[in-house]
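Student: I would like to see how this sequence folds:
(2 chains)
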Amino acid sequence: MSFPIGRKWGTLHVHGWFAVPLRGLIFSRSVKSSKLSYVDRRGRPEGLPPYPTPPLRQGDERDEMALFEKNGGVSPQQVLQALRSIRDPDLQEDIVGLNFVKDLTIKGSRVAFTIELANPACPVKDRIKADAERLVGSLEGARSVSVEMSFKVTRRQGSRSRTLIPGVSNTIAVASGKGGVGKSTVAANLAAALMECGARVGLMDADVYGPSLPTLMGSSQTPQVVGNRIIPPVVHQVKMISMGYFLPKNEAVIWRGPMLHKMIHQFLGEVEWGNLDYLVIDLPPGTGDIQLSLCQTIPLTGAVIVSTPQDLALKVASKAIAMFKKLNTPILGVVENMSFYTCAHCGRRDDIFGHGGAGQASREMGFPFLGEIPLSSEIRIASDSGEPTVLGRSSCREAFQAIAGAVAAQVSIANHAAVEAPTIEV
Amino acid sequence: MVPVSIKLSAPGGVAVRWSDGHAATYSYAYLRRRCPCAICRDTPPVVKTEPDPFPILGKGPIAATGATPIGHYAIQFHWNDGHADGIYSYSYLREICPCEECRGSQA
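Tutor: Coordinates of the predicted model:
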């Protein structure tokens, strides 16, 4: 709240505790994780002062402890203790220890809190919510429980100061050794699926030779340049940049290494990405200049490897895996594309490129298997029309959603387990 | 294996502490001579280790002036002779560890 106090002094801002004597007594007890403190229930971003406490209405109980004793409600400790038995499916730790329980407020027998997961696409979100409601509801003295589910995408510790793009929490490279296995389709749908879950997503087309993301996402506008910053067009609520925006249709990029390096630098450093949870980067096939420049320019959160089940593709994919290993870039997992084909006429399934090869290979190499995508004309039609499959009504959309969930889970695991980068002292 | 901390102006050169607890100090001349860039590999650099008799003309003995982390896997040192091309991957840095123990195992 603020008070005008004359022209010379401008406005006096009063927040949080200072507001208490001015606005009356606080009537609800709030707990942020296990520490008793007054917190804002409207989810104000960290670092900003809390919203002022709402005024008391007439007739409200003034003394919260008296209310607690009168109604025999529950204590915050009891609630947190009950929630301790819920484990995060990705991190395999309890949600209280992980500090996922936020904004716990108890008013008499009414308990309300938020569970803030690290994975926006968590497939068992509803089960966690139901479990929380059941566990807290079974406490003596808790008559009504309201649980809100939200998410806050994590980032690798210490990564902010070491990157060209401090506003971007996670960078995910989509790679494969071989061309034509569906990297761009997976990248576009991964970005769209994460966006649909509520995350802030960017999509960078690092494939200068064959930029296909403008077609896949259905966008062709030329990005605006303000000052010397490039403003990325927003397509399907995803910020996107591609070489395809800057090239006439029948022109090609014929560049040597240093130019490619410069492009990667510009796409990362000179594009106004703003604050993003995920930046999905679509790589060209191979293990060349672009891949190396990318891994040197920013500390990638991880790489998603796309392959078909065919041995030929898997052999080349293992080259890409070897490159990322050499560059210490975590591998988030392997996606099997063109996994099987179901005939539209007779319904018979045909494994054109074999089936399960990528899953088997990823298990052998010790990487998570992220999921499989069928070979389907629906995906091709959606892709050519510029509408990512995952945003349409295709039967294949669930495959992409599952993969996005698995990728987000791996990102949160990678961030949780990450060894901190070395400190460099001059 | 990754370093936990890299101190550029430790006594005796660059001090590196590794995630497995190992620690060693690399002298500037030792590191500069082993620069992994293409030019230095082809023609090993002449490294000045003695103070210059006419310090007004030169920059004195070799020293690291700064360093940039490269992705997740390497570090790039900046030297006072103007060179800064070498990307020392962590595995390479560990390989050339000058401590008694590691030299013994290299031989």
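Student: give the contact list for the nearest residue to B:Glu50 once chain neighbours are set aside.
Tutor: Excluding its sequence neighbours, the residue lying closest to B:Glu50 (CB to CB, 6 or more residues apart in numbering or on different chains) is B:Pro61, at 6.6 Å. The C-beta positions use only the backbone N, C-alpha and C, and glycine is treated the same way. Listed by CB atoms under 8 Å, 6 or more residues apart in numbering or on different chains, the contact set of B:Pro61 reads B:28-29, B:48-52.
Student: helix, strand or coil: sort out the residue in chain A positioned nearest to chain B for me.
Tutor: Proximity of chain A to chain B (CB to the nearest CB) peaks at A:Asn328, 3.7 Å away. At A:Asn328 the chain is in coil, as set by DSSP: H, G, I helix; E, B strand; the rest coil.
Student: what of the one 5 residues further on?
Tutor: State at A:Gly333, reduced to three classes by three-state DSSP: strand.
Student: got phi/psi on the residue of chain A closest to chain B?
Tutor: Main-chain torsions, A:Asn328, degrees, to the nearest 10: phi 60, psi 20.
Student: repeat that for A:Ala320.
Tutor: phi -60, psi -40.
Student: which non-adjacent residue is nearest it?
Tutor: Nearest one to A:Ala320, counting by CB to CB, 6+ apart, is A:Gly177 at 4.3 Å.
Student: so which strand or helix has the one you found?
Tutor: Using DSSP states H and E, A:Gly177 sits in no helix or strand.
Student: ok, now A:Lys315?
Tutor: Using DSSP H and E, the element containing A:Lys315 is helix A:311-326.
Student: could I get the average pLDDT for that helix?
Tutor: In this model, helix A:311-326 has an average pLDDT of 93.
Student: run through who's touching that helix.
Tutor: So helix A:311-326 is contacted by A:175-178, A:181, A:286-287, A:291-292, A:295, A:303, A:305-308, A:330-331, A:334, A:353-354, A:357-358, A:361, A:365, A:367, B:73 (CB under 8 Å, 6+ apart).
Student: mind checking which of these are in helices?
Tutor: Secondary structure from DSSP state H places A:291-292, A:295, A:357-358, A:361, A:365 of the contacts of helix A:311-326 in helices.
Student: dump those residues to CSV, plus neighbour count and distance to A:Met243.
Tutor: Listed next are the ones in helices among the contacts of helix A:311-326 as CSV, based on neighbours: other CB atoms under 10 Å in any protein chain shown; distance: CB to CB, whole Å:
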residue, neighbour count, distance to A:Met243
A:Gln291, 24, 16
A:Leu292, 18, 18
A:Cys295, 24, 19
A:Gly357, 22, 32
A:Ala358, 32, 28
A:Ala361, 23, 31
A:Met365, 14, 32
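Student: and for the residue nearest to A:Ala320, the neighbour number?
Tutor: 22 (other CB atoms under 10 Å in any protein chain shown).
Student: list the contacts of it.
Tutor: A:285-287, A:313, A:315-320.
Student: compute the first-to-last residue distance for stretch A:190-209.
Tutor: Taking CA to CA, to the nearest Å, the first and last residues of stretch A:190-209 lie 21 Å apart.
Student: tell me the buried residues in it?
Tutor: Within stretch A:190-209, the residues that count as buried by 16 or more other CB atoms under 10 Å in any protein chain shown are A:190-197, A:199-208.
Student: one more: stretch A:138-152?
Tutor: Neighbour-count burial for stretch A:138-152, counted by 16+ other CB under 10 Å, picks out A:139, A:142, A:145, A:147, A:151.
Student: ok, the closest residue to the first one other than its chain neighbours - contacts?
Tutor: Counting by CB to CB, 6+ apart, A:Leu139 lies nearest to A:Val74, which is 5.0 Å off, once chain neighbours are set aside. For A:Val74, the set of contacting residues under the criterion of CB under 8 Å, 6+ apart consists of A:106, A:109, A:111, A:136, A:139-142.
Student: and the host helix or strand of A:Gly371, what does it pack against?
Tutor: Applying DSSP H and E as the criterion places A:Gly371 in strand A:369-372. Packing partners of strand A:369-372 (3 or more CB pairs under 8 Å, 6 or more residues apart in numbering or on different chains; DSSP states H and E): strand A:331-336, helix A:357-365, helix A:397-417.
Student: in the chain, where is pLDDT below threshold?
Tutor: You didn't pick a chain, so chain A it is. A:1-72 (pLDDT under 70).
Student: try chain B instead
Tutor: For chain B, the stretches flagged by pLDDT under 70 are B:52, B:55-59, B:104-107.
Student: apart from its neighbours in sequence, what residue is nearest the residue nearest the centre of chain B?
Tutor: Closest residue to the average C-alpha location of chain B: B:Leu31 at 3.0 Å, with CA atoms, centre = their mean. Closest residue to B:Leu31 apart from its sequence neighbours, by CB to CB, 6+ apart: B:Val14 at 6.1 Å.
Student: now swap in A:Asn119 and tell me
Tutor: A:Ala408 (4.5 Å).
Student: if I look at that neighbour, how far off is A:Phe151?
Tutor: Here A:Ala408 is placed at a distance of 9 Å from A:Phe151 (CB to CB, to the nearest Å).
Student: for A:Lys129, what are phi and psi?
Tutor: Note on A:Lys129: backbone dihedrals following degrees, to the nearest 10 are phi -60, psi -50.
Student: swap in A:Thr105?
Tutor: Torsion angles, degrees, to the nearest 10, at A:Thr105: phi -130, psi 140.
Student: specify the beta-bridge partners of it.
Tutor: Counting by DSSP bridges, A:Thr105 forms beta bridges with A:Ser30, A:Ala112.
Student: report the separation between it and A:Glu148.
Tutor: Using CB to CB, we find A:Thr105 at a distance of 11 Å from A:Glu148.
Student: and for A:His261?
Tutor: Counting by CB to CB, the gap from A:His261 to A:Glu148 is 46 Å.
Student: what do you get for A:Gly137?
Tutor: Applying CB to CB, the value for A:Gly137 to A:Glu148 is 15 Å.
Student: re earlier: secondary structure element holding the residue nearest to A:Leu139?
Tutor: Per DSSP H and E, there is no helix or strand for A:Val74.
Student: what is the neighbour count of the residue nearest to A:Asp282 when sequence neighbours are not counted?
Tutor: Spatial nearest neighbour of A:Asp282, chain neighbours left out: A:Ala187 (3.9 Å); criterion: CB to CB, 6+ apart. With neighbours defined by other CB under 10 Å, the count for A:Ala187 comes to 30.
Student: help me confirm that A:Ser339 is found in a strand?
Tutor: No - looking at A:Ser339 with three-state DSSP, it is coil, so not inside a strand.
Student: residues in chain B within reach of chain A, list them.
Tutor: Counting by CB under 8 Å from any CB of the partner chain, chain B comes close to chain A at B:2-9, B:19, B:65-67, B:69-75, B:87, B:90.
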